[in-house]
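**Q** no sequence on this one, just coordinates:
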């Protein structure tokens with residue numbers, strides 16, 4: 001209840017975006033390989049941003 005108004009940090013926002021991209025990547029991996037590769041590359045970029053924030 002008290003976390004209702006808590007703002008997310010940049011790392012938390014990027015983590016959610018990463019999870020969403022990886023989910024989309026997994027769904028596309030069996031349907032469209034080219035789009036799947038694009039999603040994976042985008043997810044890797046987000047992961048690098050997360051690592052940069054943590055260090």
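**A** That came through fine. Since the structure is predicted, the reported quantities are computational estimates derived from the model, not experimental observations.
**Q** How many residues are close by residue 28?
**A** Here the count is done by other Cβ atoms under 10 Å, and residue 28 has 17 residues near it. To be clear about C-beta, it is placed using only N, CA and C from the backbone, and glycine gets the same treatment.
**Q** and if you look at residue 36?
**A** 17.
**Q** Next up, phi/psi of it, please.
**A** Note on residue 36: backbone dihedrals following degrees, to the nearest 10 are phi -60, psi -40.
**Q** how much space between the most centrally placed residue in the chain and residue 55?
**A** Residue closest to the average C-alpha location in the chain (Cα atoms, centre = their mean): residue 18, at 0.8 Å. Taking Cβ to Cβ, to the nearest Å as the measure, residue 18 falls 16 Å from residue 55.
**Q** Using the three-state scheme, assign residue 51.
**A** With DSSP: H, G, I helix; E, B strand; the rest coil as the basis, the three-state label of residue 51 is helix.
**Q** Buried ones in whichever strand or helix holds residue 40, by neighbour count?
**A** Element membership for residue 40, per DSSP states H and E: helix 33-54. Residues of helix 33-54 classed as buried by neighbour count (16 or more other Cβ atoms under 10 Å): 36, 39-40, 42-43, 46-47, 50.
**Q** what's near enough to touch residue 48?
**A** Contact analysis of residue 48 by Cβ atoms under 8 Å, 6 or more residues apart in numbering lists nothing.
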